[in-house]
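1. Everything below, folded, please.
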Amino acid sequence: MRVLVTGGAGYIGSHAVLSLLGAGHDVLIVDSFATSSPRVIKRLEALSGRVLHVIERDVRDYEAMRGVMASWVPEAVIHFAGLKSVAESVADPALYYDVNVGGTVSLLRAMAEIDCSKIVFSSSATVYGTPEYLPYDEAHPTNPVNPYGRTKLVVEQLLGDWIGAREGRAVTALRYFNPVGAHPSGEIGEDPSGVPNNLMPYIAQVAVGRRPHLTIFGDDYETRDGTGERDYIHVMDLAEAHVAALMHLATGERMQIFNVGTGQGITVREMVRAFEETAGVRVPTEIAARRAGDLPRFFADAARARDMLGWMPSRDLHDMCLDAWGWQSRNPGGYDAQEDAA
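-> Numbering: from 1, shown residues only. Alright, predicted model coming up:
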C-alpha cells in the first residue's frame, strides 16, 4: 500500500516507518523537521536497506500538502505530525490548536482533493482526563484536563465529522499511553529537545551523565511505593500497532478507536530500579512536591485492540529499558551531537 506518513522522522513516526517498510508498504515521509532531526532519514535508510521518499513540508500548509497529495496519490495516511508537551500546551495553547488541529484540517482538505479516504490518527490517552474508573477502556468518558489533550479530542471529533461527510471514508484512532524504548539497533530513538518531558528519556539522560539526577515529583501517592504509576509501552510494539491499524482500515469500518498500552502500571521507582538493573548504572533521584495536574495512576484496557486488530504488545519492561539504554549510550547527545562528532 502507498502510505503517506506525516511526522515520519519523529520518535514514534520513525519507528512506525520501519515497521511499515518491513511489512512491504511503500512510504512517503512528510515532515517539517521542526521537532525532529533530518539525520534520522539516513539511519532509517541504513536500517531498512531502502532509499526513502521524503518531502520537507509543514502539514499546516494546505497548498503544499495539496501538491504532495497530487504527486504521491497515497492510498492511506498515518498522521503523527503534531506537538505533544502538556506543559508547553498550557503555556501556549494557541500554538497547539494551530499545529495539532489546524494541521489536521489542512491534511484532510488535501486528502479530499484526491479522494484519499483512509487515515490512521495518532491520538492520546490524555483525552480521558481524570479516571472515573481503571483501567481506562474506550468507553470511558473523555474530559481532557490540558490543552494538549483537548486538541487530540477535537481532532478525533473532527475525524468523526469527516467520515460522515462522504461514503467510503475510514478512520482508526490510536490512543497511546506512554511510549518508551527504542529500536533494538540503537540507531533510532527518542531525542527530545531541551529538558525531557517524559520519564524514560530523563532517566536515560541521567544515566549517561547529561543530567545530575532525576526529580521524582511526589512520593506520597496511593500506589505501591508512593510514586506515580503509568502504563508504558515499547515504541516498537506501538509501531506494529500502526501496521495493524492500517490493515484494519480495509475492513470498511468507518471510525474505530483503540487504546494502545500494556494494561499494566509501572511506578516511577519501579522504572528507575529496572533501568539500573538492566543498564548496570546508577540513577540518582531526588524527591520534590507533586506537580499540579499529575494523576496518581492510569493504565489501559487494550482488549479491544487485541480482539479487533489482532495486536498485542510482546516486549516487557526489561526490553523497554534495554533498548532505551542502547539508544542513549550509543547517542549520548542525540542525533545531531553524534553526527557532528563523526
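2. Quickly find the element holding residue 182.
-> Of the helices and strands defined by DSSP states H and E, none includes residue 182.
3. The one 4 residues further on now?
-> Applying DSSP H and E as the criterion places residue 186 outside every helix and strand.
4. where do the strands sit along the stretch 51-200 of the chain?
-> Counting by DSSP state E, counting those that start in this stretch, one finds strands in the stretch 51-200 of the chain at the ranges 53-56, 76-79, 118-124, 170-176, 178-180.
5. Compute the mean per-residue pLDDT across the first one, please.
-> Read that as strand 53-56. Regarding strand 53-56, the rounded mean pLDDT is 98.
6. helices or strands up against it?
-> Secondary-structure packing of strand 53-56 (3 or more CB pairs under 8 Å, 6 or more residues apart in numbering; DSSP states H and E): strand 26-31. Heads up, the C-betas are built off the backbone N, CA and C, glycines and all.
7. Pull the distance from the helix or strand just after the strand it packs on to the chain's centre.
-> Of the helices and strands lying after strand 26-31 in sequence (DSSP H and E), the nearest is helix 40-48. Chain-centre distance of helix 40-48: 19 Å, with CA atoms, centre = their mean, to the nearest Å.
8. which helices and strands does helix 40-48 pack with?
-> Other elements packing on helix 40-48 under the criterion 3+ CB pairs under 8 Å, 6+ apart are helix 11-22.
9. Residue 183 reaches residue 324, doesn't it?
-> No: using CB atoms under 8 Å, residue 183 is not in contact with residue 324; the gap is 10.7 Å.
10. quick one on the thing from earlier: what would the strands of the stretch 51-200 of the chain look like in JSON lines with distance to residue 150?
-> Shown next, in JSON lines, are these (distance: least, CB to CB, whole Å):
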{"stretch": "strand 53-56", "distance to residue 150": "29"}
{"stretch": "strand 76-79", "distance to residue 150": "17"}
{"stretch": "strand 118-124", "distance to residue 150": "11"}
{"stretch": "strand 170-176", "distance to residue 150": "14"}
{"stretch": "strand 178-180", "distance to residue 150": "19"}
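11. Quick one: closest of those strands to residue 88.
-> strand 118-124 (14.3 Å; CB to CB).
12. pLDDT of stretch 199-217, averaged?
-> Stretch 199-217 carries an average pLDDT of 96.
13. just to revisit the earlier point, more crowded one of residue 183 and residue 324?
-> Using other CB atoms under 10 Å as the criterion, residue 183 and residue 324 rank with residue 324 on top: 26 against 21.
14. before we move on, back to that, now list whatever residues contact both of residue 183 and residue 324.
-> residue 189 (CB atoms under 8 Å, 6 or more residues apart in numbering).
15. Now do the closest residue to residue 197 other than its chain neighbours, the pLDDT please.
-> Using CB to CB, 6 or more residues apart in numbering and skipping residues adjacent in sequence, the residue nearest residue 197 is residue 85, 5.0 Å away. Model confidence at residue 85, given as pLDDT, is 91.
16. and if you look at residue 327?
-> In this model, residue 327 is scored at 98, pLDDT.
17. ok, now residue 293?
-> For residue 293, the model assigns a pLDDT of 79.
18. what does the one 5 residues further on give?
-> At residue 298 the predicted local distance difference test score is 94.
19. Give me the below-cutoff pLDDT ranges for this protein.
-> Flagging of the chain using pLDDT under 70 yields the residue ranges 338-342.
20. residue ranges of the helices in it, please?
-> Per DSSP state H, the chain carries helices over the ranges 11-22, 40-48, 62-72, 86-91, 93-96, 103-113, 147-164, 199-207, 235-248, 268-279, 303-309, 317-330, 334-341.
21. Adding distance to residue 29, write these out as CSV.
-> Formatted as CSV, those follow (distance: least, CB to CB, whole Å):
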stretch, distance to residue 29
helix 11-22, 6
helix 40-48, 7
helix 62-72, 11
helix 86-91, 24
helix 93-96, 23
helix 103-113, 14
helix 147-164, 20
helix 199-207, 22
helix 235-248, 14
helix 268-279, 31
helix 303-309, 23
helix 317-330, 20
helix 334-341, 15
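22. returning to what we had before: please tell me how far the residue nearest to residue 197 sits from residue 263.
-> Distance of residue 85 to residue 263, computed by CB to CB, to the nearest Å: 26 Å.
23. same check, this time on residue 210
-> Going from residue 210 to residue 263 by CB to CB gives 32 Å.
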